[in-house]
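J.: Provided below for reference: sequence and predicted model.
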Amino acid sequence: MAAPRKDNVKDIIMNTTEQLLDNHSLADISLAEIASTAGISKGTLYYHYKTKEDILLDITDRFLNQQWNDFLTWVDNKEKDTSMHRLIKYVIERNVQLVGPRIQLIFESCIDNSEIREKLIERYTQFQHVISTKIAERSGSENADYLAWVCLLVSDGLIIQKNIKNPNISLEDFIKKTDSFVESFENLK
């Protein structure tokens, strides 16, 4: 008799890998460990993924698509205050809260994993463009590209500080101060 079929095997593999990445680097995790933890055979895992990097790329796509969709839903909600300072706060706050696999992506990109680096740069460019467009709708296009990059770069810096557990910076206070700072400039217009 055949073993019971599991639906969404790719989701199970990605979820398991994400859980393992919470406490280990990608290099420290084996495909056999992923299969065992997911409760599937190595053959089933290899049927869907040939490498750990392939899994990380799918996790990346899923994670970034969710962030993208959440952002567009929030920014296009006419019932919310989506003024420029709130938009910038939202981007930074959500990026830091929903770290997901981002620190692994940054690390893999830095150690010369060209496939992940290219995917990450492609997504940064897409996010920067949509954030810039939404900022320009609220304040004009003069500094929109720059401000969009600032949001992404500040987010990455805060993600790194969060992951190294730097006791000298309060992410919440930093985000509040940034919001207040941007709002003061917004009110000058």
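T.: Looks like it came in fine.

J.: Next secondary structure element downstream of the helix or strand of the chain with the lowest mean pLDDT?
T.: The helix or strand of the chain with the poorest confidence is helix 102-110; it has a mean of 83 (mean pLDDT, DSSP states H and E). Per DSSP states H and E, the first helix or strand lying C-terminal to helix 102-110 is helix 114-139.

J.: how's the protein carved up into domains?
T.: Annotated domains of the chain cover 1-50, 53-188 [automatic domain parsing].

J.: Which phi and psi values does Asp112 adopt?
T.: Main-chain dihedrals, Asp112, degrees, to the nearest 10: phi 80, psi 30.

J.: circling back to that earlier point, would you mind giving the domains of the chain as TSV with mean neighbour count added?
T.: (Each C-beta comes from the backbone N, C-alpha and C, glycine too.) Output for the domains of the chain, formatted as TSV (neighbours: other Cβ atoms under 10 Å):
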stretch	mean neighbour count
domain 1-50	14
domain 53-188	16
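
J.: one step back: might you calculate how far the least confident helix or strand of the chain sits from the centre of the chain?
T.: In terms of Cα atoms, centre = their mean, to the nearest Å, the centre of helix 102-110 is found 11 Å from the chain centre.

J.: Ok, stretch 46-59 next?
T.: Using Cα atoms, centre = their mean, the offset of stretch 46-59 from its chain centre is 18 Å.

J.: correct me, but Arg102 touches Ile159?
T.: Yes - under the criterion of Cβ atoms under 8 Å, Arg102 is in contact with Ile159, at a separation of 5.9 Å.

J.: contacts for stretch 41-53?
T.: The contact list for stretch 41-53, computed with Cβ atoms under 8 Å, 6 or more residues apart in numbering, reads 9-10, 13, 17, 26, 29, 31-32, 34-35, 38, 55, 58, 108, 113, 115-116.

J.: and with 10 Å instead?
T.: Here stretch 41-53 makes contact (Cβ atoms under 10 Å, 6 or more residues apart in numbering) with 3, 6, 9-10, 12-14, 16-17, 20-21, 26-27, 29-36, 38, 40, 54-58, 108, 113, 115-116.
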